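1. sequence? don't have it. structure:
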């Protein structure tokens, strides 16, 4: 059975802190790992990683994939209250190559 | 360009009632998906479609039916609602051959 595990499940930090969110997976026929941000409504796409060791960056957010360790991290530097959200990790692979298996998410709360 | 839209936004049903959730996308995407999101469970795939007239079961299909008569629409039906189907339902779509899925705003369904 395909599995995606995120840690921690929740996190409270102060504005300006740097945070690291973790995602590990056990998926047959791995193809790609995706990160989403979910505020009040729809998850919105952040990054997709397919190759090990290549960092993707967008402003204060960055992510890297380690295919040897079957894991990925999402870093957020200089956090702001607007970063408060649930961050979802998803993996493409398994029985249906374009289906995504999601983790339960990490709820990040940034307090002023 | 509205992206992915869902109708209705909220609904309350009594046990045994039926209803249909509508998903529409204007991005000309080939693939469409229905997920449910429950507290502590993450997003779980109910059914998906890789093209007009074709549907397939996901991880949690029992109690639901789907239809894709037009490329831009994907319907999710509950024939006899049960309290266990209380959840937030998300529709998503993607381009064929790509892993990034784009999500609608969700439908909050309560079954009493």
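-> Arrived safely, thanks for sending. A quick note: this is a predicted structure, and the numbers were derived from the prediction, not measured.

2. middle-most residue in chain B, spatially?
-> Residue closest to the mean C-alpha point of chain B, counted by Cα atoms, centre = their mean, is residue B:34 at 3.0 Å.

3. Output the contacting helices and strands for the strand or helix carrying that one.
-> Under the criterion of DSSP states H and E, residue B:34 resides in strand B:31-38. Packing partners of strand B:31-38 (3 or more Cβ pairs under 8 Å, 6 or more residues apart in numbering or on different chains; DSSP states H and E): strand B:19-25, strand B:42-51, strand B:73-78, strand B:87-94. Yep, even glycine has a C-beta here, placed from its N, CA and C like the rest.

4. Quick one, which of the ones you listed gets closest to chain A.
-> Ranking those by proximity to chain A (Cβ to the nearest Cβ) places strand B:42-51 first, at 4.1 Å.

5. That closest one pairs with which strands, and in what direction?
-> strand B:31-38 (antiparallel), strand B:54-57 (antiparallel) (DSSP bridges).

6. near chain A, which residues of chain B?
-> B:4, B:31, B:33, B:40-45, B:48, B:50, B:56, B:58, B:90, B:94, B:96-106 (Cβ under 8 Å from any Cβ of the partner chain).

7. Buried ones among those residues?
-> Buried members of the residues of chain B next to chain A, scored by 16 or more other Cβ atoms under 10 Å in any protein chain shown, are B:4, B:31, B:33, B:42-45, B:48, B:50, B:58, B:90, B:94, B:99-104, B:106.

8. For residue A:89, name its beta-bridge partners.
-> residue A:35.

9. which ones are touching it?
-> Contacts of residue A:89 were listed using Cβ atoms under 8 Å, 6 or more residues apart in numbering or on different chains, and they are A:4, A:6, A:21, A:23, A:25, A:33-36, A:72, A:74, A:102-103, A:105.

10. same question, residue B:69
-> Contacts for residue B:69 were tallied using Cβ under 8 Å, 6+ apart; they are B:52-53, B:75.
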